[in-house]
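K.L.:
prediction below, plus the sequence it came from.
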Amino acid sequence: AQLVESGGGLVQAGGSLRLSCAASGFTFDDYAIGWFRQAPGKEREGVSCVSNSDGRTYYARSVKGRFTTTSDQAKNTVYLIMNALKPEDTAVYYCAGVRNTYCNGTGWIWGHGTQVTVSS
């Protein structure tokens, strides 16, 4: 089972990026896929999550209205579309999956992360 993130980079404040999380080696439709981020010196925090079982999405308050997560079950890929980026969004972004309808539980599968840097 594997998750691979891509799409990170350097962007100016107010700009946009789209991150991708490609899944392989497990039954994608049975999983909820979340995006998490960790900035230097800070704890990892949940950003968003999408349930492939019922299509529901969840967002952290800090990104709601700016970020959108979508799942393409034909491609086994989840996307995080980030608009109106702020310097405080700078972090390593990870995707992770859990075999559950809801975005909680144990036995998460983690990707290696992709760096997002937002300059002011």
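P.N.:
Received the coordinates, thanks. The structure displayed is predicted, hence computed values, not measured ones.
K.L.:
from here on, contacts and neighbour counts on C-alpha atoms
P.N.:
Noted.
K.L.:
OK, contacts around the most centrally placed residue in the chain?
P.N.:
In the chain, the C-alpha nearest the mean C-alpha coordinate belongs to Trp35, at 2.5 Å (Cα atoms, centre = their mean). By Cα atoms under 8 Å, 6 or more residues apart in numbering, the contact set of Trp35 is Gly46, Val47, Ser48, Cys49, Leu80, Tyr93, Tyr94, Cys95, Ala96.
K.L.:
what number of residues lie near the nearest residue to Tyr94 once chain neighbours are set aside?
P.N.:
In space, and not counting its chain neighbours, Tyr94 is closest to Gly113: 4.3 Å by Cα to Cα, 6 or more residues apart in numbering. Applying other Cα atoms under 10 Å, we find 22 other residues in the vicinity of Gly113.
K.L.:
got a pLDDT number for Gly113?
P.N.:
Turning to Gly113, the model gives it a pLDDT of 97.
K.L.:
for the one 3 residues further on, same thing?
P.N.:
Per-residue confidence (pLDDT) for Val116: 98.
K.L.:
from memory Glu45 sits against Tyr59, does it?
P.N.:
No. Taking contacts as Cα atoms under 8 Å, Glu45 lies outside contact range of Tyr59: 11.1 Å.
K.L.:
neighbour-wise, which of these two wins?
P.N.:
For Glu45 versus Tyr59, neighbours defined as other Cα under 10 Å are more numerous around Tyr59 (19 against 13).
K.L.:
who does the more buried one bridge with?
P.N.:
Residues in a beta bridge with Tyr59, per DSSP bridges, are Ser48.
K.L.:
quick one: residues contacting it.
P.N.:
Val47, Ser48, Cys49, Phe67.
K.L.:
which single one of the residues you listed is nearest to Tyr31?
P.N.:
Cys49 (10.5 Å; Cα to Cα).
K.L.:
quick one: contacts for the nearest residue to that closest one once chain neighbours are set aside?
P.N.:
Excluding its sequence neighbours, the residue lying closest to Cys49 (Cα to Cα, 6+ apart) is Gly34, at 3.9 Å. The contact partners of Gly34, by Cα under 8 Å, 6+ apart, come to Gly46, Val47, Ser48, Cys49, Val50, Cys95, Ala96, Gly97, Cys103.
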